[in-house]
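In: Based on what follows, work out the 3D shape:
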Amino acid sequence: MEKAATSLTKDVTVRRLGGGDSVEQLMSLLHRAYAGHAAAGRLFFASYQSVEDTAHRAGQGECWLAFRAGRLVGSVTVAAPYDVPEGYPAPAHAGSFWQLAVDPAYQGTGLGQRLLALAEDRIAALGFIQVVIDTSAEAVELVGWYRRRGYRAVGSWRWAVTNYESVVLLKELVRGGPGR
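Out: Okay, here's the model as predicted:
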C-alpha cells in the first residue's frame with residue numbers, strides 16, 4: 001500500500017486559491033471528502049455547505065488547494081489569528097484551519113498529513129505558536145489522528161450548523177522547527 005500511496009501523491013502540487021479556480025469544484029471536493037461522516041450521521045458543515053458558504057469560508061483566510069494532473073484532490077484554509085466566538089474554550093491568540101479535505105481516492109496516502117503540516121507551517125510563519133481546531137467528538141478516528149499529531153483536547157463546543165458536540169483541540173507549535 002505504501003508504494004501505491006506514494007505514487008498517488010508524488011505528482012501533487014499545492015498552491016493558493018486563485019481567481020481562476022472553481023469554488024464549485026472546491027465545494028464538490030468538500031462534499032466528497034466529508035460524505036463518510038455524513039453517512040455516519042455526523043453532519044459536518046463541509047458535507048453540505050453551499051457554493052456561497054464555501055467562497056465565504058475560503059475567503060476568511062488563506063485557502064490552499066492540492067492538485068494532481070489538474071484535478072483538485074485536497075484543500076485547507078488557514079487563518080491566523082483565528083477570531084474565536086465568545087465562550088469558545090481556546091486561546092484568543094491562536095491560528096486555526098478548516099476545510100481540511102482530501103478526496104476519498106487519496107485518503108490514507110499522506111496528503112492529509114501534508115496539508116496539516118502546511119497549515120501549521122503557515123500559522124507559525126504568521127507569528128502564532130498555537131493552533132486551535134474542533135471536530136466532532138463522535139469522529140473517534142479523526143480525533144485520534146489529530147492527537148497522534150500533537151493535538152490535545154481543551155474543551156467542547158456546539159456549532160449551530162452541525163448536529164454534534166465538537167471537541168476543541170489545541171497544539172503548541174515549536175518555533176524554528178517543524179513542531180510536528
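In: The protein: strands as residue ranges?
Out: Shown for the chain, the strands assigned by DSSP state E span residues 13-16, 62-68, 71-79, 96-102, 130-136, 152-157, 166-172.
In: could these be laid out in CSV, adding distance to L43, mean neighbour count and mean pLDDT?
Out: No exception for glycine: its C-beta is placed from N, CA and C like everyone else's. CSV is the format used below for the strands of the chain (distance: least, Cβ to Cβ, whole Å; neighbours: other Cβ atoms under 10 Å; pLDDT from 0 to 100):
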stretch, distance to L43, mean neighbour count, mean pLDDT
strand 13-16, 28, 11, 98
strand 62-68, 22, 21, 98
strand 71-79, 19, 22, 97
strand 96-102, 15, 24, 96
strand 130-136, 9, 23, 95
strand 152-157, 15, 14, 95
strand 166-172, 12, 20, 95
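In: Run through the protein and note the low-pLDDT ranges.
Out: 1-8, 175-180 (pLDDT under 70).
In: how about the longest helix anywhere in it as CSV, C-alpha atoms only?
Out: Criterion DSSP state H: the longest helix present in the chain is helix 111-125. The C-alpha coordinates for helix 111-125 follow below in CSV (Å, rounded to 0.1, in the frame of the first residue of the first chain):
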residue,chain,number,x,y,z
LEU,A,111,-1.9,14.0,1.6
GLY,A,112,-3.9,15.0,4.7
GLN,A,113,-0.7,15.0,6.8
ARG,A,114,1.0,17.1,4.1
LEU,A,115,-1.9,19.7,4.2
LEU,A,116,-1.9,19.7,8.0
ALA,A,117,1.8,20.4,8.0
LEU,A,118,1.3,23.2,5.5
ALA,A,119,-1.4,24.7,7.8
GLU,A,120,0.8,24.5,10.8
ASP,A,121,3.8,26.0,9.0
ARG,A,122,1.7,28.9,7.7
ILE,A,123,0.3,29.6,11.2
ALA,A,124,3.8,29.6,12.6
ALA,A,125,5.1,31.8,9.7
